[in-house]
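In: with the input below, show me the fold.
(2 chains)
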There are 2 protein chains.
Amino acid sequence: MEKIKLDKNTFLYPMPMVLVGAIVDGRANFMAVGWVSRVNFKPPMMAVALGRSHYTNAGIEKNKAFSVNIPGIDLLEKVDYCGIVSGEKTDKSMVFDVFYGDLSVAPMIRECPIAFECRLVNTVDLPTNSLFIGEIVGAYSEERYLMDGKPDIKKINPFTLTMPDNNYWEIGKNAGKAWSVGKNFDKGAA
Amino acid sequence: MEKIKLDKNTFLYPMPMVLVGAIVDGRANFMAVGWVSRVNFKPPMMAVALGRSHYTNAGIEKNKAFSVNIPGIDLLEKVDYCGIVSGEKTDKSMVFDVFYGDLSVAPMIRECPIAFECRLVNTVDLPTNSLFIGEIVGAYSEERYLMDGKPDIKKINPFTLTMPDNNYWEIGKNAGKAWSVGKNFDKGAA
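Out: Model (predicted):
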């Protein structure tokens, strides 16, 4: 079928949905973020791309630290609230129960099944966004979210984001084993 | 409940699953990638973090271009195959029907509901990975994947990845409207 050109400002389908935490103006602040990825294997690193105008950015730059928190779907309203309301005008430090790991300036969310504390190692200044690259110095969970010691997505129950239609989506059925189902692919029949 | 420390090499839940395309040694090559994110709003940019040893990297560096292709679940076996087999040993140029947009060196996959062609604008050398940042110069789809002119995730039918359990997951039910359901959050009751 014929390909058509979309707006260049097209998004990934789907985007992960996390809360990025930082200390800003002396208090914990959390923003909803869909532009996030692991970026280095060893040492483990995570990156978040935040619009330059965000209140959170100054806190990350000042303290050289941030957190990435993966919420379960039970936190949907609170996550969306953190995406609607700026910390500049509204104190979001009481929305969640905050805890800290090895860094004293990377506030993490106790209600989130997975939380990462990251030490800022690099900032890439892009035209409208700052790409903050952090080394993961700690990753936290609870026994109830694990299976055989590994995080279990069905227990975490995260959700994803699509834009510009602005919808959240649950995780669906298991679709197969990675680095395995491809062995069935018959190259000769391609 | 008590927080426990996980391996620092913990992943996002879930990760998007894309195929990154490049011309390597004169032919189209595609690798399966879960470390991908939009990173700049205007101009629109996308980043992929590839392990330094990957065959694809030299092609991206040489041609200053790559593609990001979002596969539907009907391509699961082929995507996983591209994650198992290195282009260094196996010619993957015939696995998909390849098309090109404005760049002649960013091979895209006709079978993928969404494809982006990206011009390399920055490479961030991290300890074990190269973070390739590309400006999106074209985004492509087909009418059958759109609703009111916007990509529709239920028509795209993408899948996501979890590691280290190595599973693929379908997209589930709609969970609410972004930048909207948070208005229901009663801060006073938090």
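
In: in chain A, where is pLDDT below threshold?
Out: A:187-190 (pLDDT under 70).

In: all helices of it, in order?
Out: Assigned by DSSP state H, the helices in chain A fall at A:55-63, A:76-84, A:153-156.

In: name the residues that touch the shortest one?
Out: Okay, so that is helix A:153-156. Helix A:153-156 has contacts (C-beta atoms under 8 Å, 6 or more residues apart in numbering or on different chains) with A:70, A:72, A:113-114, A:144-147, A:171, B:13-14, B:162, B:165, B:167, B:169. Bear in mind the C-beta positions are built from the backbone N, C-alpha and C, glycine included.

In: repeat for the first one
Out: Helix A:55-63 has contacts (C-beta under 8 Å, 6+ apart) with A:20, A:22-25, A:29, A:31, A:50, A:66, A:86-88, A:105-106, A:120, A:123, A:130, A:132.

In: now, of the residues you listed, which are buried?
Out: Those of the contacts of helix A:55-63 that meet the buried threshold are A:20, A:22-24, A:29, A:31, A:50, A:66, A:87, A:105-106, A:120, A:123, A:130, A:132, by 16 or more other C-beta atoms under 10 Å in any protein chain shown.

In: returning to that earlier point: what is the nearest of the contacts of helix A:153-156 to A:Gly182?
Out: B:Asn167 (13.6 Å; C-beta to C-beta).

In: where's the residue nearest to the closest one when sequence neighbours are not counted relative to B:Leu161, distance?
Out: Distances taken as C-beta to C-beta, 6 or more residues apart in numbering or on different chains put A:Asn174 closest to B:Asn167, at 5.7 Å, once the chain neighbours are dropped. As for A:Asn174, its distance to B:Leu161 is 12 Å (criterion: C-beta to C-beta, to the nearest Å).

In: which one of those two has more residues nearby?
Out: More crowded of A:Asn174 and B:Leu161, by other C-beta atoms under 10 Å in any protein chain shown: B:Leu161, with 28 against 14.

In: tell me the contacts of that one?
Out: Taking C-beta under 8 Å, 6+ apart as the test, what B:Leu161 contacts is A:Ala178, B:Pro14, B:Met15, B:Pro16, B:Met17, B:Gly34, B:Asn167, B:Tyr168, B:Trp169.

In: residue contacts, the fourth one?
Out: Read it as B:Pro16. Applying C-beta under 8 Å, 6+ apart to B:Pro16 gives the contacts A:Leu12, A:Tyr13, A:Pro14, A:Met15, A:Pro16, B:Gly34, B:Val36, B:Ile70, B:Pro158, B:Thr160, B:Leu161.

In: if I look at it, how far off is A:Tyr13?
Out: In this view, B:Pro16 and A:Tyr13 are 7 Å apart by C-beta to C-beta.

In: find residues that contact each of the two.
Out: Residues touching both B:Pro16 and A:Tyr13 (C-beta under 8 Å, 6+ apart) are B:Ile70, B:Pro158.

In: excluding its backbone neighbours, what's nearest A:Gly101?
Out: A:Gly138 (4.0 Å).

In: meant to ask about A:Ser67, not that
Out: In this structure, A:Ser67 finds its nearest non-sequential neighbour in A:Gly21, 3.8 Å apart by C-beta to C-beta, 6+ apart.

In: enumerate every residue touching that neighbour.
Out: A:Ala28, A:Asn29, A:Phe30, A:Phe66, A:Ser67, A:Val68, A:Asn69, A:Val98, A:Ala106, A:Pro107, A:Met108, A:Ile109.

In: do A:Ala178 as well
Out: A:Ala178 neighbours (C-beta under 8 Å, 6+ apart): B:Asp80, B:Gly83, B:Leu161, B:Met163, B:Asn166, B:Asn167, B:Tyr168.

In: narrow the residues you listed to those in strands?
Out: For these, membership in strands holds for B:Leu161, B:Asn167, B:Tyr168, with DSSP state E as the criterion.

In: pick the one among those closest to chain A.
Out: Closest approach between the ones in strands among the contacts of A:Ala178 and chain A, by C-beta to the nearest C-beta: B:Tyr168, at 4.1 Å.

In: name the nearest residue to A:Asn9, ignoring sequence neighbours.
Out: The spatial neighbour of A:Asn9 that comes closest, neighbours along the chain excluded (C-beta to C-beta, 6+ apart), is B:Pro44 at 4.5 Å.

In: check contacts around that neighbour.
Out: B:Pro44 sits next to A:Lys8, A:Asn9, A:Thr10, B:Arg38, B:Glu135, B:Ile136 when contact means C-beta under 8 Å, 6+ apart.

In: just give me the residue closest to the centre of chain A.
Out: Nearest to the geometric centre of chain A sits A:Val18, at 3.2 Å (C-alpha atoms, centre = their mean).

In: was I right to think it contacts A:Val68?
Out: Yes. A:Val18 is within contact range of A:Val68, at 5.2 Å (criterion: C-beta atoms under 8 Å).

In: what residues are shared contacts of those two?
Out: Common neighbours of A:Val18 and A:Val68, counting by C-beta under 8 Å, 6+ apart, are A:Val33, A:Val36, A:Val48, B:Leu12.
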